[in-house]
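Enquirer: Sequence plus the predicted model coming up.
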Number of protein chains: 2
Amino acid sequence: MENIFTDEYFMKKALAEAETAFEKGEIPVGAVIVIDNRVIARSHNLTELLNDVTAHAEMQAITSAANYLGGKYLKDCTLYVTLEPCQMCAGALYWSQISKIVFGASDENRGFSKLGTQLHPKTQVVSGVLENECSLLMRAFFRTKR
Amino acid sequence: MENIFTDEYFMKKALAEAETAFEKGEIPVGAVIVIDNRVIARSHNLTELLNDVTAHAEMQAITSAANYLGGKYLKDCTLYVTLEPCQMCAGALYWSQISKIVFGASDENRGFSKLGTQLHPKTQVVSGVLENECSLLMRAFFRTKR
């Protein structure tokens, strides 16, 4: 039987979250956290609605997944996020010891890889999954703001 | 009239928060955020009690201060924190555009300055305020864990 649970499969769920953010007037970033092919957290950027710079999709997903698991470490979990995490989110992912981070679009200015934020040595990173779809949504958003 | 509102004055309030964390069995880090010599947020590390790696004192203080101010930017605010902020917290402080960060003890391993986390260009940093008191509390805590 073919495996339907690919990185694209879960990134589409993160994209659906990003679309919800877009519809709310938020910078359209969405995230899900997955363990054993099950989504245990889903979230989207809410910095404007909550008036809170810490309300990035990833931060909410980390809190939510830890709450679901009943422990603060996200070993054996994968985060799917439509945009490359920033320093804050990468720093939180460092503490969480998450197994894998999959992101869609790169963030050349504020992404963690450009800024050299340290991840946990056990964390694997995959980039560029549904990159075009993720970037398109960001560009469409910023066009509405001009 | 003498100005009582020194950096030490507010760091003592952050230390009182750190002591509360200690009493709860948390790594003893405390923080306050101040605007115009008024404390508008106070918090301490709650990562164990909340099972949440994002529950550092600084993160809670940022959310709380923004909530109080009704806006997400912390311009004209000063954060007092007993331990040097980590990558996550420094990344959040970057987004907040906070005016000033004052910390007590340095964190040689996981502090933002060692790890090169970028702060907002407008943010001023002062270190070493009540450093001994802040370090002493940390050392006392880790002694109880051995």
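Expert: That came through fine.
Enquirer: Would you mind naming what in chain A lies close to chain B?
Expert: Within chain A, the residues that sit near chain B (CB under 8 Å from any CB of the partner chain) are A:47-48, A:51-54, A:59, A:62-63, A:66-67, A:70-73, A:86-92, A:94-96, A:115-118. In this view, the C-beta of every residue, glycine as well, is placed from N, C-alpha and C.
Enquirer: For ChimeraX, write the select line for the buried members of the residues you listed.
Expert: Those of the residues of chain A next to chain B that count as buried under 16 or more other CB atoms under 10 Å in any protein chain shown are selected in ChimeraX with:
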select /A:47,51,52,53,54,59,62,63,66,72,86,87,88,89,90,91,92,94,95,96,115,117,118
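Enquirer: Which of the residues of chain A next to chain B fall in helices?
Expert: Of the residues of chain A next to chain B, the ones assigned to helices by DSSP state H are A:47-48, A:59, A:62-63, A:66-67, A:87-92, A:94-96, A:115.
Enquirer: check contacts around A:Phe5.
Expert: By CB atoms under 8 Å, 6 or more residues apart in numbering or on different chains, the contact set of A:Phe5 is A:Asn37.
Enquirer: pLDDT score for it?
Expert: Looking at A:Phe5, its pLDDT is 95.
Enquirer: repeat for A:Met138
Expert: So, for A:Met138, pLDDT stands at 97.
Enquirer: same check, this time on A:Met1
Expert: pLDDT, A:Met1: 68.
Enquirer: where's the residue lying closest to A:Phe112 once chain neighbours are set aside relative to A:Gly116, distance?
Expert: Nearest in space to A:Phe112, with sequence neighbours left out and distances taken as CB to CB, 6 or more residues apart in numbering or on different chains, is A:Ala90 at 3.5 Å. Distance from A:Ala90 to A:Gly116, counting by CB to CB, to the nearest Å: 10 Å.
Enquirer: again with A:Glu84
Expert: According to CB to CB, A:Glu84 stands 13 Å off from A:Gly116.
Enquirer: For stretch A:22-30, which outside residues touch it?
Expert: Residues from elsewhere that reach stretch A:22-30 (CB under 8 Å, 6+ apart): A:13-21, A:42-49, A:56-57, A:81-83, A:137-138, A:140-141.
Enquirer: Quick check: strands, which of the residues you listed are part of them?
Expert: Per DSSP state E, strands hold the following members of the contacts of stretch A:22-30: A:Arg42, A:Ser43, A:His44, A:Val81, A:Thr82, A:Leu83.
Enquirer: I appreciate the help and will end here.
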